[in-house]
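fold the following, please.
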Amino acid sequence: MERRKVSDSIVETVHIVRPNHLNGAGRLFGGILMQWIDEVAALVAKRHTHKNVVTVSVDNLKFLKGAYQKDVIVIIGRVTYVGRTSMEVEVDSFVEALDGQRTHINHAYFTMVALDENDSPTPVPGLILKTPEEKAKWERAKGRKNARLSILSADKSTF
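Alright, predicted model coming up:
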């Protein structure tokens with residue numbers, strides 16, 4: 001089976017917060033940021049698989065700080081774990097100051113599934129882990145996957 005490095009599919013996008021992105025309190029509307037980070041997660045997964053993908057779930061979506069009009073938002077995504085047809089994509093968002101300093105404003109994990117030409121789940125390439133950080137992220141992602149699966153099996157038993 002084909003394998004790819006984490007660095008092969010990293011995506012970084014940059015946005016500027018405009019008036020139409022603001023909520024009633026004058027901050028970046030959370031739904032806009034969610035759209036941007038979902039797009040990054042999809043691009044990461046497409047780069048890794050070279051296939052169409054869908055978002056299956058979003059875990060630990062945390063809004064850490066607000067962003068305001070004219071702020072520059074940098075969003076970075078990377079694959080942290082792959083299964084047979086799914087993968088976890090970690091996405092971090094930052095406000096970038098004029099001097100380049102970045103303030104972390106959002107963090108999330110996406111589960112993405114690769115699709116074949118019939119929109120059915122299809123196997124994904126393996127992941128080559130090069131650094132201790134990548135290996136640690138893989139181990140933590142395995143724990144999150146197991147937690148998601150145990151929640152799903154508990155939910156099924158209640159129906």
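
which elements pack onto the lowest-mean-pLDDT helix or strand in the chain?
Taking mean pLDDT, DSSP states H and E as the measure, helix 132-157 is the helix or strand of the chain with the lowest mean score, a mean of 84. Contacts defined by 3 or more CB pairs under 8 Å, 6 or more residues apart in numbering; DSSP states H and E place helix 132-157 against strand 52-63, strand 72-82, strand 86-96, strand 102-115. (C-beta placed from N, C-alpha, C; glycine too.)

okay, now the unreliable bits of the chain?
The chain contains residues with pLDDT under 70 at 152-159.

who's in contact with R84?
P123, V124 (CB atoms under 8 Å, 6 or more residues apart in numbering).

next, it: secondary structure please.
Following DSSP: H, G, I helix; E, B strand; the rest coil, R84 is assigned to coil.

can you lay out the helices and strands packed on helix 132-157 as CSV showing distance to E2 and mean neighbour count?
As requested, the helices and strands packed on helix 132-157 are exported to CSV (distance: least, CB to CB, whole Å; neighbours: other CB atoms under 10 Å):
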stretch, distance to E2, mean neighbour count
strand 52-63, 16, 15
strand 72-82, 11, 22
strand 86-96, 13, 22
strand 102-115, 12, 20
